[in-house]
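Peer 1: would you be able to build a 3D model of this:
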Amino acid sequence: MINMRTRHALGTSTLVLALASLSLSCSGSPGTTSSDGKSPVPDIRKAASAPATEEPPAPSTAEPTPGVEKVRDAFAGLQATYNDGCTTPGNCEYFLGRVLDELSSLDGAMKADPQGLGHFKEPLAWIAKLRTGLGDDSSFENLKKHQALLTGTRDKINAWMQGHPEDYR
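Peer 2: Numbers count the residues shown, from 1 in each chain. This is a model prediction of the structure:
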(Lines give C-alpha, C1' and ligand atoms only; values in the text may rest on other atoms or scores of the structure.)
Protein backbone atom coordinates (compact mmCIF):
# COMPACT_ATOMS: atom_id res chain seq x y z
CA MET A 1 0.00 0.00 0.00
CA ILE A 2 1.28 3.45 -0.96
CA ASN A 3 1.42 5.98 1.86
CA MET A 4 0.01 9.51 1.52
CA ARG A 5 3.39 11.20 1.21
CA THR A 6 4.37 9.01 -1.75
CA ARG A 7 0.99 9.50 -3.42
CA HIS A 8 1.30 13.30 -3.06
CA ALA A 9 4.84 13.35 -4.42
CA LEU A 10 3.85 11.14 -7.34
CA GLY A 11 0.84 13.35 -8.17
CA THR A 12 2.88 16.55 -7.98
CA SER A 13 5.65 15.11 -10.14
CA THR A 14 3.14 13.96 -12.74
CA LEU A 15 1.52 17.40 -12.84
CA VAL A 16 4.87 19.19 -13.24
CA LEU A 17 5.92 16.79 -16.00
CA ALA A 18 2.63 17.23 -17.86
CA LEU A 19 2.82 21.03 -17.68
CA ALA A 20 6.44 21.03 -18.85
CA SER A 21 5.56 18.78 -21.78
CA LEU A 22 2.70 21.06 -22.81
CA SER A 23 4.90 24.11 -22.53
CA LEU A 24 7.57 22.61 -24.78
CA SER A 25 5.10 21.33 -27.34
CA CYS A 26 3.40 24.73 -27.65
CA SER A 27 6.52 26.76 -28.31
CA GLY A 28 9.52 26.46 -30.55
CA SER A 29 13.02 26.43 -29.27
CA PRO A 30 14.55 29.81 -28.49
CA GLY A 31 15.90 31.70 -31.47
CA THR A 32 14.02 29.73 -34.13
CA THR A 33 11.77 31.38 -36.69
CA SER A 34 10.04 30.20 -39.79
CA SER A 35 12.08 30.43 -42.98
CA ASP A 36 9.92 33.13 -44.58
CA GLY A 37 9.63 35.28 -41.45
CA LYS A 38 5.86 34.79 -41.27
CA SER A 39 3.92 33.36 -38.40
CA PRO A 40 3.30 29.61 -38.60
CA VAL A 41 -0.39 30.31 -37.79
CA PRO A 42 -2.47 30.37 -41.00
CA ASP A 43 -4.09 33.66 -41.94
CA ILE A 44 -7.68 33.05 -40.91
CA ARG A 45 -8.91 36.22 -42.60
CA LYS A 46 -7.93 34.87 -46.02
CA ALA A 47 -9.63 31.55 -45.39
CA ALA A 48 -12.85 33.23 -44.29
CA SER A 49 -13.03 35.86 -47.02
CA ALA A 50 -15.66 35.69 -49.74
CA PRO A 51 -14.75 34.25 -53.13
CA ALA A 52 -13.39 36.80 -55.60
CA THR A 53 -16.36 36.30 -57.95
CA GLU A 54 -18.84 37.79 -55.46
CA GLU A 55 -19.44 41.52 -55.61
CA PRO A 56 -19.50 43.39 -52.33
CA PRO A 57 -22.93 44.78 -51.47
CA ALA A 58 -23.56 48.30 -52.72
CA PRO A 59 -23.57 50.92 -50.01
CA SER A 60 -26.98 52.22 -49.06
CA THR A 61 -27.81 55.65 -50.41
CA ALA A 62 -30.83 56.08 -48.15
CA GLU A 63 -30.42 58.69 -45.47
CA PRO A 64 -31.15 57.32 -42.01
CA THR A 65 -34.08 59.10 -40.47
CA PRO A 66 -33.14 60.60 -37.16
CA GLY A 67 -35.27 59.11 -34.43
CA VAL A 68 -36.62 61.03 -31.52
CA GLU A 69 -34.88 60.25 -28.28
CA LYS A 70 -36.84 58.19 -25.76
CA VAL A 71 -38.02 59.96 -22.62
CA ARG A 72 -35.87 57.76 -20.38
CA ASP A 73 -32.74 58.55 -22.40
CA ALA A 74 -33.45 62.28 -22.49
CA PHE A 75 -34.16 62.23 -18.75
CA ALA A 76 -30.86 60.45 -18.11
CA GLY A 77 -29.07 63.26 -19.94
CA LEU A 78 -30.87 65.83 -17.82
CA GLN A 79 -30.00 63.99 -14.62
CA ALA A 80 -26.33 63.96 -15.64
CA THR A 81 -26.31 67.76 -15.31
CA TYR A 82 -26.54 67.32 -11.54
CA ASN A 83 -22.85 66.34 -11.57
CA ASP A 84 -21.88 69.75 -12.95
CA GLY A 85 -22.45 73.39 -12.16
CA CYS A 86 -21.25 76.95 -12.40
CA THR A 87 -18.03 76.42 -10.48
CA THR A 88 -15.86 78.28 -13.00
CA PRO A 89 -16.79 80.95 -15.58
CA GLY A 90 -15.97 78.75 -18.59
CA ASN A 91 -17.73 75.76 -17.11
CA CYS A 92 -20.79 77.81 -16.21
CA GLU A 93 -21.38 78.67 -19.86
CA TYR A 94 -21.11 74.99 -20.82
CA PHE A 95 -23.30 73.88 -17.91
CA LEU A 96 -26.17 76.29 -18.55
CA GLY A 97 -26.12 75.54 -22.28
CA ARG A 98 -26.18 71.84 -21.54
CA VAL A 99 -29.13 72.11 -19.16
CA LEU A 100 -31.03 74.02 -21.85
CA ASP A 101 -30.11 71.41 -24.48
CA GLU A 102 -31.14 68.52 -22.22
CA LEU A 103 -34.46 70.19 -21.43
CA SER A 104 -35.07 70.73 -25.14
CA SER A 105 -34.33 67.05 -25.83
CA LEU A 106 -36.67 65.98 -23.06
CA ASP A 107 -39.36 68.31 -24.42
CA GLY A 108 -39.11 66.67 -27.86
CA ALA A 109 -39.08 63.17 -26.38
CA MET A 110 -42.16 63.85 -24.27
CA LYS A 111 -44.04 65.33 -27.22
CA ALA A 112 -43.22 62.27 -29.35
CA ASP A 113 -43.98 59.71 -26.64
CA PRO A 114 -46.90 57.34 -27.37
CA GLN A 115 -48.47 58.16 -23.99
CA GLY A 116 -49.45 61.52 -25.40
CA LEU A 117 -49.10 65.12 -24.37
CA GLY A 118 -51.60 64.76 -21.54
CA HIS A 119 -49.32 62.41 -19.65
CA PHE A 120 -46.49 64.98 -19.60
CA LYS A 121 -48.72 68.02 -19.15
CA GLU A 122 -46.86 69.55 -16.18
CA PRO A 123 -43.27 69.09 -17.39
CA LEU A 124 -44.18 70.39 -20.84
CA ALA A 125 -45.80 73.46 -19.23
CA TRP A 126 -42.66 74.12 -17.16
CA ILE A 127 -40.47 73.91 -20.25
CA ALA A 128 -42.84 76.25 -22.13
CA LYS A 129 -42.61 78.74 -19.25
CA LEU A 130 -38.82 78.50 -19.41
CA ARG A 131 -38.86 79.19 -23.15
CA THR A 132 -41.08 82.21 -22.60
CA GLY A 133 -38.67 83.51 -19.96
CA LEU A 134 -35.62 82.99 -22.16
CA GLY A 135 -37.23 84.22 -25.36
CA ASP A 136 -35.13 83.50 -28.44
CA ASP A 137 -31.90 84.45 -26.67
CA SER A 138 -29.76 81.44 -25.72
CA SER A 139 -26.64 83.53 -25.12
CA PHE A 140 -24.63 82.86 -21.99
CA GLU A 141 -25.57 86.26 -20.59
CA ASN A 142 -29.29 85.48 -20.92
CA LEU A 143 -28.90 81.95 -19.58
CA LYS A 144 -26.91 83.30 -16.60
CA LYS A 145 -29.62 85.91 -16.00
CA HIS A 146 -32.26 83.12 -15.98
CA GLN A 147 -30.10 80.52 -14.23
CA ALA A 148 -32.57 80.08 -11.36
CA LEU A 149 -35.44 79.50 -13.83
CA LEU A 150 -33.31 77.08 -15.85
CA THR A 151 -32.13 74.95 -12.92
CA GLY A 152 -35.50 75.29 -11.18
CA THR A 153 -37.23 73.85 -14.25
CA ARG A 154 -34.73 71.01 -14.28
CA ASP A 155 -35.35 70.34 -10.59
CA LYS A 156 -39.16 70.37 -10.91
CA ILE A 157 -39.02 67.98 -13.84
CA ASN A 158 -36.64 65.72 -11.93
CA ALA A 159 -39.04 65.59 -8.97
CA TRP A 160 -41.99 64.91 -11.30
CA MET A 161 -40.13 62.12 -13.08
CA GLN A 162 -39.18 60.51 -9.77
CA GLY A 163 -42.92 60.14 -9.16
CA HIS A 164 -43.31 58.47 -12.58
CA PRO A 165 -40.64 55.76 -12.64
CA GLU A 166 -42.41 53.90 -15.48
CA ASP A 167 -41.32 56.74 -17.78
CA TYR A 168 -37.60 56.30 -17.25
CA ARG A 169 -37.05 52.64 -16.47
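Peer 1: and the strands in this protein?
Peer 2: Assigned by DSSP state E, the chain shows no strands.
Peer 1: and residue 157, how many neighbours?
Peer 2: 25 (other CB atoms under 10 Å). Yep, even glycine has a C-beta here, placed from its N, CA and C like the rest.
Peer 1: so it sits against residue 77, correct?
Peer 2: No - using CB atoms under 8 Å as the test, residue 157 is too far from residue 77 to be in contact (11.9 Å).
Peer 1: now do the shared contacts for those two.
Peer 2: Taking CB atoms under 8 Å, 6 or more residues apart in numbering as the criterion, residue 157 and residue 77 both touch residue 106.
Peer 1: so how far is residue 159 from residue 127?
Peer 2: Going from residue 127 to residue 159 by CB to CB, to the nearest Å gives 14 Å.
Peer 1: ugh, wrong one, residue 142
Peer 2: Going from residue 142 to residue 159 by CB to CB gives 25 Å.
Peer 1: how far away is the nearest residue to residue 169 once chain neighbours are set aside from residue 105?
Peer 2: Ranked by CB to CB, 6 or more residues apart in numbering and with sequence neighbours excluded, the top spatial neighbour of residue 169 is residue 72, at 6.8 Å. Noted for residue 72: a distance of 12 Å to residue 105, by CB to CB.
Peer 1: ok, the two, which is more surrounded?
Peer 2: Between residue 72 and residue 105, counted using other CB under 10 Å, the more crowded position is residue 105 (18 against 15).
Peer 1: quick check: closest non-adjacent residue to that one.
Peer 2: In this structure, residue 105 finds its nearest non-sequential neighbour in residue 74, 4.4 Å apart by CB to CB, 6+ apart.
Peer 1: my guess is the one you found contacts residue 109, does it?
Peer 2: Yes - with contact defined as CB under 8 Å, residue 74 reaches residue 109; the gap is 4.1 Å.
Peer 1: common neighbours of the two, please.
Peer 2: Common neighbours of residue 74 and residue 109 are not found (criterion: CB under 8 Å, 6+ apart).
Peer 1: what does the average pLDDT come to for stretch 155-169?
Peer 2: The predicted model gives stretch 155-169 an average pLDDT of 87.
Peer 1: over to stretch 130-139?
Peer 2: Rounded mean pLDDT across stretch 130-139 is 95.
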